[in-house]
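>>> sequence below, structure please.
(one chain, ligands or ions: 1)
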Amino acid sequence: MTQITGHTRLFGILADPIHHVKTPQALNALMQRVGYDGVLVPLHARAEDLATVVGGLKLLRNLGGLIVTVPHKTAMVDLCDEVSESARLIGAVNTIRREADGRLVGEMLDGHGFVAGLRQSGIEPEGRSAYLAGAGGAANAIAFALAQAGVSRLTIANRTRAKAEDLAGRLAGPFPNLQVDIGTPDPSGHDLVVNATSLGLKEGDPLPLDVACLTPDQIVAEIIMQPVTTALLAAAQARGCRIQPGQPMLDCQLALMAKFVTGGASGIGLAISRALRAQGARLVLLDPDPKSGDVAAELGETIAVSGSVTSRADVARACDAAEDFGGLDITLANAGISSNQPTLDVTDTDWQRVMDINLTGVFLTAQEAGRRMLARGRGSILLMASMYGVVAAPERIGYCVSKAGVVMMAKALAVEWAARGVRVNAIAPGYVRTPFLDDLAARGRLDLDRLEQRTPIGRLITPEEVAQAAVFLASDHASAITGQVLGVDGGWAAYGYL
Ligand SMILES: NC(=O)c1ccc[n+]([C@@H]2O[C@H](COP(=O)([O-])OP(=O)(O)OC[C@H]3O[C@@H](n4cnc5c(N)ncnc54)[C@H](O)[C@@H]3O)[C@@H](O)[C@H]2O)c1
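This next block holds a predicted model:
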């Protein structure tokens, strides 16, 4: 947002008091960097006026969404028209999107921010056992997010045992297979130890758990941001543990908030979906993200299938849904995750997760789609690779290797299926400007200026530019193009000078 105009989307943060909030500065900077025409303003509402204020805001047709903070997080649950199941069970929302029809859809992103912060630091919670100190608001959100992220078991330790038992009881509904225990101050035997209490904020606070039991193989994570190194983190470090401070949770949450309130108005898959819809294509989206239902509604003539590319049954279901639209003409295998850590820190679980989504997921998609297309004798399959499938970067071993596999998959499938009417090509984008990328930059993990200087066209790529390449490859204009890797990288991979 460079200038507020009649097109600018309005967002607000509801709080009381309001003067201390820092979200407007952070989210406005984020929206500006990604070129999103929106502005977030502070909205000072007293608890007793909240329902009236929210009722009025709902009627604002240019309102995009709301951020909610103290003391309104709990009360907002009942004022939303829809909240995610985890937000309902946690009993709090902190981010709300206003749909085109005025409905308010709420989500609780505290815990998701925590998990995203871990992943940014190269710590994958999936498959790890977790110990959680605390059962209050933040602990609730983190417990649900850790369960959703696939921890192998979860132990909750709280001064008041009944509160821990209550949280464990609420987790049982959505996660019936997760082993949840009530713990003691002893965190032994857990891979990941999390302090989600407020102990550590003030000097002289007692420690939230028994640090004498910590062992060097454990990761100890905090939610407290100030001080940066709490007494717990200092003790954990002294005992040889890897530590994770509180700040990444907040930083990552900002990017998630931006994505949620703008309706996921980012991402390469969404840009390609929009571009294909503009060409008249009817779509089936396969995505585990429940928000893909909203995206499908916004796109029109689109079916959202909830599932993962790592499951053949899910992929087959999505392909079958496309058959209901009259047959599968175009398939885009876009799902992919990043993996950004020194090779020596990559665990078996980290490696497997990248391979499962980035490589096996692409294979299953191409195979299931190819089966149906070959039967009809026509079709175009697009595989989302990356320039890092062609040139290498350090500390991205799983990402680079999986994307290189995707590049070869496009060639191997193309030569096998060319004579039977099915074309297969790969797209290899450079750094694409998304809120996620900008947030990494904001936290010093990527230097956008350097990336822009390194790109011969002098700037990053937009999702729409990748989408135009996809539309071309999918179209009959590309009828003689198969087995190719189309770089959409502003010249990055070609550049070999200084
Ligand atoms: N952003 C970039 O700079 C960049 C550069 C080169 C290549 N890429 C590739 O482009 C693709 C899209 O990236 P993006 O930046 O739009 O990321 P994104 O995170 O915005 O989108 C990824 C999408 O994949 C979905 N997804 C994740 N796991 C899934 C699974 N198991 N099954 C089905 N869907 C799943 C997510 O829900 C999300 O909608 C990825 O393959 C990525 O590697 C991105």
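
>>> give me the distance between the two termini of stretch 143-160.
Between the opening and closing residues of stretch 143-160 lies a distance of 16 Å (Cα to Cα, to the nearest Å).

>>> wait, I meant stretch 278-291
Across stretch 278-291, the terminal residues are separated by 21 Å (Cα to Cα).

>>> show me which residues of that stretch are buried.
Of all the residues in stretch 278-291, those buried under the rule 16 or more other Cβ atoms under 10 Å are Ala281, Arg282, Leu283, Val284, Leu285, Leu286, Asp287, Lys291. Quick note: C-beta positions are derived from backbone N, CA and C, even for glycine.

>>> list just the nearest of these to the ligand.
Asp287 (4.4 Å; Cβ to the nearest ligand atom).

>>> the closest one against Leu332, yeah?
No: at 11.9 Å, Asp287 does not count as touching Leu332 under the criterion of Cβ atoms under 8 Å.

>>> need the residues of the stretch 351-498 of the chain near the ligand, please.
Selection of the stretch 351-498 of the chain residues close to the ligand by Cβ under 6 Å from any ligand atom yields Ile357, Gly361, Met384, Ser386, Pro429, Tyr431, Val432, Thr434, Leu437.

>>> what is the burial count for the residue in the stretch 201-350 of the chain that the ligand sits nearest to?
With Cβ to the nearest ligand atom as the measure, the residue in the stretch 201-350 of the chain that lies nearest the ligand is Gly336; the distance is 2.1 Å. The burial count assigned to Gly336 is 22, neighbours taken as other Cβ atoms under 10 Å.

>>> and what of Tyr399?
Under the criterion other Cβ under 10 Å, the count of neighbours that Tyr399 has is 21.

>>> any regions of the stretch 101-250 of the chain where pLDDT drops low?
Of all residues in the stretch 101-250 of the chain, none has pLDDT under 70.

>>> tell me the contacts of the closest residue to the ligand within it?
Of all residues in the stretch 101-250 of the chain, Ala116 sits closest to the ligand, with a separation of 10.8 Å (Cβ to the nearest ligand atom). Residues in contact with Ala116, defined by Cβ atoms under 8 Å, 6 or more residues apart in numbering, are Pro248, Met249, Cys252, Gln253, Ala255, Leu256.

>>> tell me the phi and psi of it?
Comment: the main-chain dihedrals of Ala116 come out as phi -60, psi -40, following degrees, to the nearest 10.

>>> what ranges do the helices span in the stretch 251-400 of the chain?
Using DSSP state H, counting those that start in this stretch, the helices found in the stretch 251-400 of the chain span residues 268-278, 292-299, 312-323, 348-354, 361-376, 397-417.

>>> buried ones in the longest one?
Using 16+ other Cβ under 10 Å as the burial criterion, the residues of helix 397-417 that qualify are 397-407, 409-411, 413-414, 417.

>>> ditto for stretch 233-250
233, 235-236, 241-250.

>>> swap in stretch 420-436?
Neighbour-count burial for stretch 420-436, with 16+ other Cβ under 10 Å as criterion, is recorded at 422-436.

>>> distance from it to the middle of the chain?
Taking the mean of its C-alpha atoms, stretch 420-436 sits 19 Å from the chain's own mean (Cα atoms, centre = their mean, to the nearest Å).

>>> ok, now stretch 29-45?
Stretch 29-45 has its average C-alpha position 20 Å from the chain's average C-alpha position, going by Cα atoms, centre = their mean.

>>> next, see if it gets close to the ligand.
No: for stretch 29-45, no contact with the ligand is found by Cβ under 6 Å from any ligand atom; the gap never falls below 11.6 Å.

>>> how far does that stretch stretch from start to finish?
Start to finish, the residues bounding stretch 29-45 are 24 Å apart (Cα to Cα).
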